[in-house]
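# How does the following fold in three dimensions:
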Amino acid sequence: MLKDHLFPKTIDEALTLLKEYKGKARLIAGGTDLIPEIREGLPPFEVLVDIEKLKKLKTIREESKKIFIGSGVTFTELEESKVIRNRAFALHQAASLMGSPQVRNRGTIGGNIVSAQPAADGALALFAFDAVLEIAGMRGIREIPISQAYLDIGKSAINPSKEILVGIRLNKLKKGEGSNYQRFAMRKAMALPILACAIFVQSMDDSITSARIAIGPVSNTPFRARETEVFLRGKPLTAEIFERAGKMASEEVNPRDSRLRGSRIYRKGLAAVLVKRGLQGVLANIG
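Got it, this is the predicted structure:
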């Protein structure tokens, strides 16, 4: 049962409150995942520490070679940011496809990561960018690759009763690089994806020098199609190669049969289609 809702003015103050309540306090920002849990009486905590208005968590800024995104940035803010659209296009696409307008207005990229769902749109896009997370705790700041933040479905290496995801860093897209996000769902508003994939490609002289492909939900955490990534290295940017890459990715993924999302065979076939389309999308915006 909730007993209090606190509003710290700084990150340090928020961390102090978390320590004071010894695991019985929980961070909240957008609350799109947490509020339904509270209404159902599920959470084992007594105090909410509200970090929604902390300025450092609400910024998107360009650094020398990277982009910093505060964990409190909403999906609407990501969608409308020129920096994200121009320098991290797949994330812009993912943000625009996330839930309903109401969810995009409230939901934050930090919450999307900490909820640790394998098909979370924002987090899946960040896997393709090999993003790094900045996390604040009582012992100071630590940084980890986004892949290390995912332990299992709904289980994060970031403990919202002890530490704060401050923000995310990713490399800016530059000349010869492109990204794309593909999502398939039964309906537009509020629907979880049946399958989604995010793709990053680096190219030189019309051939691929490196690629990253993130797909979900096909395992307990966002899945990197690493065999397909290796296959693409050195290959030309052609329709034939994209077709072969899609088929290879479909062989890599191993989704389970699901009443909600469809059969394993159906989603493996869908992976082939979305990876192919994603690579075509990258080719259209590479630059």
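# quick one: pLDDT of the residue nearest the centre of the chain?
Centrality entry for the chain: nearest residue to the mean C-alpha point is A123, 0.7 Å, by CA atoms, centre = their mean. At A123, the model reports a pLDDT of 93.
# any idea how far L57 is from I69?
I69 sits 10 Å away from L57, going by CB to CB, to the nearest Å. In short, each C-beta sits where N, CA and C put it, glycine included.
# Identify the contacts common to the two.
Listed as contacting both I69 and L57 by CB atoms under 8 Å, 6 or more residues apart in numbering are G167.
# Let me see the contact set for the residue nearest to the centre of the chain.
Applying CB under 8 Å, 6+ apart, we find A123 in contact with I109, N112, I113, Q117, I146, P222.
# again, 7 Å this time
N112, I113, I146, P222 (CB atoms under 7 Å, 6 or more residues apart in numbering).
# which of those lies closest to E62?
I146 (19.5 Å; CB to CB).
# ok, the closest one to S156 distance?
Taken as CB to CB, the span from I146 to S156 is 11 Å.
# again, but for I194
I194 sits 24 Å away from S156, taking CB to CB as the criterion.
# Same check on D121?
Separation of D121 from S156 (CB to CB) stands at 17 Å.
# So between those two, which is more surrounded?
Remark: of D121 and S156, D121 carries more neighbours, 27 against 16, as counted by other CB atoms under 10 Å.
# If I follow the layout properly, the more buried one ends up in contact with L195?
No: the pair D121 and L195 fails to qualify as a contact (CB atoms under 7 Å) at a distance of 11.8 Å.
# that older thread, distance to I168 for the contacts of A123 - can I get that in CSV?
Below are the contacts of A123 laid out as CSV (distance: CB to CB, whole Å):
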residue, distance to I168
N112, 10
I113, 8
I146, 7
P222, 14
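# out of these, which are inside strands?
The members of the contacts of A123 all map outside strands under DSSP state E.
# Among these, show me the least confident.
Lowest pLDDT of the contacts of A123: N112, 92.
# Run a quick neighbour tally on that one.
25.
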